[in-house]
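Following is a predicted model, sequence given first.
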Amino acid sequence: MNKAQVLVGLTFLAFCCITLTTSLNCYICDSSQGQNCSSPTNIQTCNATLAQSTVTYGLSYTNASFQQLNVSSSSFACVNDYITSPNSVPHYYLGCAYKNLEICSLGTRVPNSNRTCITCSGDKCNFRNPADRTMGSIFTVGTAAIALAFISKLLN
């Protein structure tokens, strides 16, 4: 077995694993900006700018103070927040937040509101689209099959 082949294979495998685990993709949508969040298409990789947008959202729609929302982290989570009230138009927000910002635990500023809010840490987990789940599964199975074939070839 050639040492260069093993080194290239391990580097490739490490690169794939690191890429898959450190980049979190979330749906991004804010109904207050006229976007249709019932079938979102905007998917972005989480970063500090997107997380800061969620802080701005929190200042507008929750009872939190700036001090409560003034957090940062190198880890992110996807957010799905849906607020309804008999006296106002429903508000839907999909985004990316700092993992240590517990946006769903904050009360809303909307009087007499009902809220459904989740944070999650899987790719595109803040909106359930059956096609996305299928494509993610196909990608995972395909990557695993290629990695297994490559490793078995190295061991022979």
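Yep, it's here.

Just to be sure, N100 is in a strand?
No: looking at N100 with DSSP: H, G, I helix; E, B strand; the rest coil, it is coil, so not inside a strand.

burial measure for it, as a count.
11 (other Cβ atoms under 10 Å). For glycine as for every other residue, the C-beta is placed from the backbone atoms N, C-alpha and C.

Check what pLDDT it gets.
The model reports N100 with a pLDDT of 92.

so it touches S73, yeah?
Yes: N100 is within contact range of S73, at 4.8 Å (criterion: Cβ atoms under 8 Å).

Which of the helices and strands in the protein ranks last by mean pLDDT?
Taking mean pLDDT, DSSP states H and E as the measure, the helix or strand of the chain with the lowest value is helix 3-22, at a mean of 48.

Mind checking what helix or strand follows that helix in sequence?
strand 25-27 (DSSP states H and E).

What average pLDDT does the one helix or strand F150 maps to get?
In the assignment (DSSP H and E), F150 maps to helix 130-155. For helix 130-155, mean pLDDT rounds to 58.
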